[in-house]
Every structure is written in structure tokens, then in C-alpha cells.
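Engineer: quick one: sequence and predicted model below, then my questions.
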Amino acid sequence: MRFIIRLNFVAIFIALPIVGQSAGFAQSLRQEAQKLGLQVGAAVDPARFSEPLYAETVANQFNMVEPENAMKWPATEPARGQFSFAAGDQVVEFAEAHQMKVRGHNLLWGISNPAWLTEGHFTPDQLRSIMKNHIITVVSHYRGKVFAWDVVNEAFDRDGRLKHTLWYDRPGIGLAGRGTAYLAQAFRWAHQADPNALLFYNDYAAEGLNAKSDAIYAMVKDFKRRHVPIDGVGLQMHLMDLNQIPTSVAANIARLAALGVQVHITEMDVALPVDASGKPLHRADLSRQAKIYGEMATLCAEQPGCTAFQTWGFTDKYSWIPHYTRGKKGDGLLFDSNYHPKPAYRAVLKAFKQAAKKHPTIIPQRLQIERHSSL
Ligand code: G3I
């Protein structure tokens, strides 16, 4: 029975139109990104793959996927020592069927952990062994299938201080008060489990130059000096206010690249104020949103140190923003709820096309950075 269900699942993927041939899409982001040696991705929910337009849009438009929730602790280790990979495996199977890369998200986070873990009253020694077992088991399971991992997610606060978390000092894994030592430990275990996976630190509100991005920069510099295996930094890029768009993003990417790591834009969305039905309150906001997407896509596409551009979801039908803002904001992605491309989509496509024209030799430069950062 399980075998039959699995065969049907694969058949759904195989039946999808191949890249660029969908009736709905004359062009695609992934075709343009390919000309730049760039990954263009979206966070996905495997439970939606059975929706034809969802699956078709992902397969046609992106060359990378990242599970929005399916590889987090609650999904992968719902009970202590009991691992569940079914949902994450669906993402890998989908990606393999459509020649896409998979970004893994995430191995360690101070929030969004299962209750058995947060309410377990574990000692530092127990936590250390739980953390090691989780990282080694998950990364080993996806060895050779997940090309890059967010090893640690959102460890710093806005002032650049380490957040107080289960892993750091509440009670921590025995490295409380020793700064980024617990992060270094996580990176080492991940590297041990898959020496070929690219290992990232991922955070929000650290896109431009500020106290948080300074702290991340200092950590990467220190890790590189001490040969802690870090390959990249994820800049999430959740832009929740049209009037507060980060500046100096290009400078931040450039300084990270100069340390020998690559940058991925990992979770971009641009939230708009919406009415009760989820439509933008001001139509002009769609153009402002498109301009911001275009600018960020340009600065990623034009810098060889930025090797992936990803959005957090892709259709406004499914996005974390309305739930998080209690319906006040939404409409943050490249496709509307009916999977029609928005002005923001066309702006990203145009940005990729223009960058490819302007930088005809960028592919080898990008490849060189990718090779260098994983040495
Ligand atoms: O799957 C359960 C469902 O069974 C249950 O009925 C329902 C009731 O609340 O919850 C469902 O799980 C929710 C899950 O999303 C799937 O929808 C969790 O409660 C909810 O906490 C979870 O939220 C996710 C959040 O991270 C926390 O993990 C969001 O979807 C996801 O978009 C968000 O993503 C984060 C990135 O990982 C890190 N950066 C910020 C970004 C946005 O917050």
C-alpha cells in the first residue's frame, strides 16, 4: 500500500510540464538565474505539491527549494530520539524530479522547538547529547541531497548580543557565557555529518550594516580564522514596512564575501498593508514593492558573492505574513493568490536579465566564490 502511494506521488511529479513549457509561463526566473550561475528559490510546503498550480509554478520558476517547516525540529524529531523524515523527503523527491537544489532549514533555533525539548528540564550534558544527535542524524539523512544548511538560525538580537536560549544559557549545552562557542559546536557537528554541505548562519534584520550584522561579521571572521566550518551567511530579508527598507545591503554582502563566505538571500518577502479581504490598501504599493524586489534582486545578481536569491513562499495564497500580522499585512510575494505573476515578479525577472547583460563573465566568478567558500 505504501509502495503504491509512493508511486502515485512520483507520477504526479513526472506528469508536470518540464521547465519553460508551461502554458502559463513564457519565461522563467530559473532560466534567467541560470545565465547568472545563481540559485533562485522559494520556501515550500510539501503538503501543497498535490495542488497542480502550486507544483507547476515551483517547478517552472525556481531551481532551488527550501522546506518552510518540514526540516525543523518539530517535524524531524517530534519525540526524543524518534526521527521523522517523510515531509522533508517529499521536498527532496520533488527537487530531484525537477533538477532543483534543496536548501535545508534549520538545525538549531532558540524558538519553534517541540514541547518535549523545551519543557524537558534537561541538564547541559543531556542537551549537548540531544543537540549532537539531532544535527548528526538529520544532516546524515540528507547527506548528498541537501546542498546547504542553515545550521543556526537567529541567534543574535538587534543589538548584536547573543539571545538567551535553550542552547546558549537556558541552561545551554555547557558553553553558557562563552559567546559563539555553542554555534561553533553546531557547525562542527554538521560538517562531521556531511563534509560537502555548505553551512550557513541565517538571520533577519541583518541585511544592511548595523549592530546585528556587525556581530555576525565578527563571528564569521573569527570562525574563518579558527577554521570553524562556515561557508555562508543567510540574509532573510523579511521587509515588513515599505518605509523601512535596509540600505547598505551591497556593502554588507561585499564585506562578507571578502571574508571568503558566500551570501544567500534566504527568505525575502515585502509585506503590504491590506484590507479585510487581503487586497493591498493602496494599489501604488504594488509598484513600490516591485521596485524593492527589483533592487534587491539586482544587487544579489550583480555580486558574485551572492549565490542564491530566495523568497519565503511564492504565492500570496500561502504566506506566514497575514497570520503573523493578524490580517493587517500581506501580499508580500511574487505571485498573487491565483498564481498570477505580480509586478514584483516582472521586476525580479528584469533584474536578472539586465544583470546577465551587464556582467557576461559573472558565472565563473560565482563558481570561484562557491569553490573558495567551501574549502
Ligand atoms: O502544522 C501545525 C498544525 O498541525 C496545527 O494545527 C497548527 C496550529 O497552530 O500549527 C501548525 O504548525 C504551524 C506551522 O507554522 C505550519 O503552519 C506552527 O504552529 C507555526 O508556528 C509555524 O510557523 C512557522 C514559523 O516559522 C515557526 O516555525 C511559519 O510557518 C514559518 O513561515 C516561519 O518561518 C520563519 C523561518 O523559519 C525563520 N525566519 C522567520 C520566518 C518567518 O517567521
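Structural biologist: That came through, no problem.

Engineer: from here on, contacts and neighbour counts on C-alpha atoms
Structural biologist: OK.

Engineer: what count of nearby residues applies to the single nearest residue of the stretch 201-350 of the chain relative to the ligand?
Structural biologist: Minimum separation of the stretch 201-350 of the chain from the ligand (Cα to the nearest ligand atom) falls at residue 320, amounting to 4.7 Å. One way to gauge burial is a neighbour count; for residue 320, by other Cα atoms under 10 Å, it gives 15.

Engineer: what sits up against stretch 176-188?
Structural biologist: 108, 131-132, 135, 151-152, 162, 167-169, 173, 175, 199, 219, 223, 228-230 (Cα atoms under 8 Å, 6 or more residues apart in numbering).

Engineer: show me which positions of that stretch end up buried.
Structural biologist: 176, 180-188 (16 or more other Cα atoms under 10 Å).

Engineer: contact residues of the chain facing the ligand?
Structural biologist: Neighbours of the ligand within the chain, by Cα under 6 Å from any ligand atom: 68, 112, 320.

Engineer: which one of those residues sits closest to residue 311?
Structural biologist: Set against residue 311, the nearest of those by Cα to Cα is residue 68 (10.4 Å).

Engineer: the closest one and residue 104 touch, don't they?
Structural biologist: No - with contact defined as Cα atoms under 8 Å, residue 68 does not reach residue 104; the gap is 9.2 Å.

Engineer: and the two? Which one has more around it.
Structural biologist: Remark: of residue 68 and residue 104, residue 104 carries more neighbours, 30 against 20, as counted by other Cα under 10 Å.

Engineer: gap between the residue nearest to that one when sequence neighbours are not counted and residue 234?
Structural biologist: Spatially, and ignoring its direct neighbours in sequence, residue 104 is nearest to residue 149 (4.5 Å; Cα to Cα, 6 or more residues apart in numbering). Here the distance between residue 149 and residue 234 works out to 10 Å (Cα to Cα, to the nearest Å).

Engineer: joint contacts of these two?
Structural biologist: Counting by Cα under 8 Å, 6+ apart, the contacts common to residue 149 and residue 234 are residue 200.

Engineer: where along the stretch 251-375 of the chain do the strands fall?
Structural biologist: Remark: strands assigned in the stretch 251-375 of the chain by DSSP state E, counting those that start in this stretch are 262-270, 272-273, 306-311, 329-330.

Engineer: ok, the stretch 101-250 of the chain next?
Structural biologist: Counting by DSSP E, counting those that start in this stretch, the stretch 101-250 of the chain has strands at residues 101-109, 148-153, 198-203, 232-235, 238-239.

Engineer: got those as JSON lines, with distance to residue 57 and mean pLDDT columns?
Structural biologist: Rendered in JSON lines, the data for those read as follows (distance: least, Cα to Cα, whole Å; pLDDT from 0 to 100):
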{"stretch": "strand 101-109", "distance to residue 57": "16", "mean pLDDT": "98"}
{"stretch": "strand 148-153", "distance to residue 57": "23", "mean pLDDT": "98"}
{"stretch": "strand 198-203", "distance to residue 57": "26", "mean pLDDT": "98"}
{"stretch": "strand 232-235", "distance to residue 57": "24", "mean pLDDT": "98"}
{"stretch": "strand 238-239", "distance to residue 57": "22", "mean pLDDT": "98"}
